[in-house]
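Chemist: Here you go, sequence then predicted model.
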Amino acid sequence: MKVVFMGSPEEVLGPLEALQNSSHFQLVGVVSQPPKEQGRGKSLQDTAVARFARAQNIKLLLPSKASDPLFLDEMRELAPDVIVTAAYGQMLSEEFLRIPKRGTINIHPSLLPKYRGATPVPASLLAGDQVTGVSILFTVKKMDAGAIITQKKFPILPSETSPELTARMFKESTTLLLESLDLLRDPMFAGTPQDEGQVISCRKISKVDGTVDWNLDAKTLVHQFRAYAGWPGSVASIQGQRIVITDMKVSSHAQNLAPGVFIYDKGSRHLRVGTKLECIEISKVKPAGKNEMDAAAFFNGCQAKGVSQFDHPTQL
């Protein structure tokens, strides 16, 4: 079975490596996003998937658009039986989907039909889910609506953030992908249609979502912190100075603090901050233009300025 893999970030290297190392499938090509400017020097940098393909001398295609006629011709020349996509980052046309003999399949980090769309992992964390999973499904024109080939459930760890959970989910998908490809050897296998009545779609995340609103309850703020870790982060401010919170949890101590007001607890070495309901505890922050610092150093700086409250979110 000839397979083409399409993906971009480091998190999807697990399934790609599994295909490369398998004696049951022939990895005939890899497709990824073209290089992007990164860093202060704005030098062009390959995606993690592209770097892997170059290192392994696998044929690599880097189209700006997956609908480009020249790219589609190159894909036809590869004559894949199956195309596997995993966080590739572009929509695929009907013309593209007609290229593989057996079909295009996608590794999706949620238990479809729950959380269709581009942000399934943050959506699950925002909802406070305790269980998630990976779905491998047939790709159709409608986003994440194809028949399910295989699924696997597993628990979400209590403090797991979006980047951590995403990496673990794609790692969990490795064996599942190989099992799915074996199922496709049967030309009659069509998977299990999704129940359209159970569909939950996830929305796009914007930079403003990372703004911490101290008038929310502690559990909601921690769900947001875990979901937005990586990007856009959890951002507050003090006297207009931007503060990125890099560690947060619900406090186990009852404390009557107004939303946004904070104290320092020497016993736990945490900053304790009031919310609408309960408190949160913060152990690390990163002020704009400075290195990450612990709660003690941050609090001492605030004391020197006579500050004991974060700004209201509208002041950001």
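Modeler: Sure thing, it's come through.
Chemist: from here on, contacts and neighbour counts on C-alpha atoms
Modeler: Noted.
Chemist: For residue 314, give me the pLDDT.
Modeler: On pLDDT, residue 314 comes in at 62.
Chemist: I meant to write residue 253 there.
Modeler: 86.
Chemist: quick one: it from residue 295, how far?
Modeler: As judged by CA to CA, to the nearest Å, residue 253 and residue 295 stand 17 Å apart.
Chemist: the more surrounded of the two?
Modeler: Between residue 253 and residue 295, counted using other CA atoms under 10 Å, the more crowded position is residue 295 (22 against 11).
Chemist: Now name the helix or strand holding the closest residue to the more buried one other than its chain neighbours.
Modeler: Counting by CA to CA, 6 or more residues apart in numbering, residue 283 is the residue found nearest to residue 295 once chain neighbours are left out, at 4.9 Å. Residue 283 is part of strand 279-287 when elements are defined by DSSP states H and E.
Chemist: Now do that strand, average pLDDT.
Modeler: Mean predicted lDDT for strand 279-287 stands at 97.
Chemist: list the helices and strands it packs on?
Modeler: helix 218-228, strand 241-250, strand 270-274, strand 293-294, helix 295-305 (3 or more CA pairs under 8 Å, 6 or more residues apart in numbering; DSSP states H and E).
Chemist: the helices in this protein, which residues?
Modeler: 13-21, 48-55, 69-78, 94-97, 120-126, 162-183, 218-228, 295-305 (DSSP state H).
Chemist: Turn these into CSV, columns for distance to residue 139 and mean pLDDT.
Modeler: Putting those into CSV (distance: least, CA to CA, whole Å; pLDDT from 0 to 100) gives the following:
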stretch, distance to residue 139, mean pLDDT
helix 13-21, 17, 97
helix 48-55, 20, 98
helix 69-78, 17, 98
helix 94-97, 8, 96
helix 120-126, 16, 98
helix 162-183, 13, 96
helix 218-228, 26, 98
helix 295-305, 47, 93
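Chemist: And these: which comes nearest residue 261?
Modeler: helix 295-305 (11.9 Å; CA to CA).
Chemist: May I see the buried residues of that closest one?
Modeler: 295, 296, 298, 299 (16 or more other CA atoms under 10 Å).
Chemist: Could you do stretch 273-284 as well?
Modeler: Under the neighbour-count criterion of 16+ other CA under 10 Å, stretch 273-284 has 273, 274, 275, 277, 278, 279, 280, 281, 282, 283, 284 buried.
Chemist: Next up, the contacts around the residue nearest to the spatial centre of the chain.
Modeler: For the chain, residue 166 is the residue whose C-alpha lies nearest the centre (CA atoms, centre = their mean; 5.0 Å). For residue 166, the contacting residues are 11, 109, 121, by CA atoms under 8 Å, 6 or more residues apart in numbering.
Chemist: Now do the contacts for residue 261.
Modeler: Residue 261 neighbours (CA under 8 Å, 6+ apart): 273, 274, 308, 309, 310.
Chemist: Format those as TSV; extra columns: distance to residue 156.
Modeler: Formatted as TSV, the contacts of residue 261 follow (distance: CA to CA, whole Å):
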residue	distance to residue 156
273	26
274	27
308	34
309	33
310	31
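Chemist: For those, work out which two are farthest apart.
Modeler: 274 and 308 (11.1 Å).
Chemist: Which neighbours do these two have in common?
Modeler: Taking CA under 8 Å, 6+ apart as the criterion, residue 274 and residue 308 both touch 261, 262.
Chemist: burial count for the residue lying closest to residue 157 once chain neighbours are set aside?
Modeler: In this structure, residue 157 finds its nearest non-sequential neighbour in residue 130, 7.6 Å apart by CA to CA, 6+ apart. Neighbour count for residue 130, taken as other CA under 10 Å: 12.
Chemist: Please report the distance of residue 130 from residue 11.
Modeler: 21 Å.
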